[in-house]
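Q: all I have is the shape, not the residue letters:
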Ligand code: ADP
């Protein structure tokens, strides 16, 4: 069984993440969306909220699982026996950043990173921009799946 983890903060899940996960399920038997917990980072949405947003968005897709983890992504992959990391690439800046991480991860463990180019229609979307729109009371609903709503 081919399984991949899709790691990130998902603060919050966007249509860009949704696109990568939806396309990932056509390539892998299981996609484990893994929310990384970094205690020194400030998040807009709680861990539970972020998890529920993703679970609800993929309620009809049994191949998608949502988990949380602490520490290095490769250590978590080894712990749960996953051989692939899935990442999305939006632009050249993402590529340079992801390249360094993927090389480092391969030094640490025999885990392959698989990249998918983002859909043109969602490639401009970033969680940080969604948070800015929310903070300034803009209409963020066009940028995120329906499961993501501010209370
Ligand atoms: P991080 O904490 O690594 O910034 P994110 O939650 O922002 O995590 O992103 C997780 C993954 O989703 C990364 O591989 C990132 O490239 C990808 N991603 C982020 N935004 C988009 C988007 N608009 N389209 C496709 N992939 C995206």
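A: Thanks, I have it. Note that this is a predicted model, so its numbers are computed, not measured.
Q: since we're on residue 14, how many residues are nearby?
A: 22 (other C-beta atoms under 10 Å). (Each C-beta comes from the backbone N, C-alpha and C, glycine too.)
Q: how close does it sit to the ligand?
A: 6 Å (C-beta to the nearest ligand atom, to the nearest Å).
Q: skip the chain neighbours and tell me the closest residue to that residue.
A: residue 125 (4.8 Å; C-beta to C-beta, 6 or more residues apart in numbering).
Q: in this structure, what residue lies closest to the ligand?
A: residue 16 (1.9 Å; C-beta to the nearest ligand atom).
Q: tell me the residues of the protein that contact the ligand?
A: 8-10, 14, 16-17, 19-20, 87-88, 90, 94, 118, 122-123, 125-127 (C-beta under 6 Å from any ligand atom).
Q: can you turn the buried part of those residues into a ChimeraX selection?
A: Written as a ChimeraX command, the selection of buried residues from the residues of the chain next to the ligand, which uses 16 or more other C-beta atoms under 10 Å, is:
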select :8,9,10,14,16,17,19,20,87,88,90,94,118,122,123,125,127
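Q: wait, a helix at residue 19?
A: Yes - assessed with DSSP: H, G, I helix; E, B strand; the rest coil, residue 19 lies in a helix.
Q: pLDDT below threshold where in this structure?
A: Under the criterion pLDDT under 70, no range of the chain is flagged.
Q: quick one, helices of it?
A: When assigned using DSSP state H, the helices of the chain occupy the ranges 15-24, 47-57, 73-80, 92-108, 127-135.
Q: so which of those helices is nearest residue 35?
A: Proximity to residue 35, assessed across the helices of the chain by C-beta to C-beta, is greatest for helix 47-57 (5.7 Å).
Q: by contact count, what packs against that closest one?
A: Here helix 47-57 is seen to pack against strand 30-37, strand 64-70 when contacts are counted using 3 or more C-beta pairs under 8 Å, 6 or more residues apart in numbering; DSSP states H and E.
Q: sorry, back to before: just name the most buried of the helices of the chain.
A: helix 15-24 (a mean of 20; mean count of other C-beta atoms under 10 Å).
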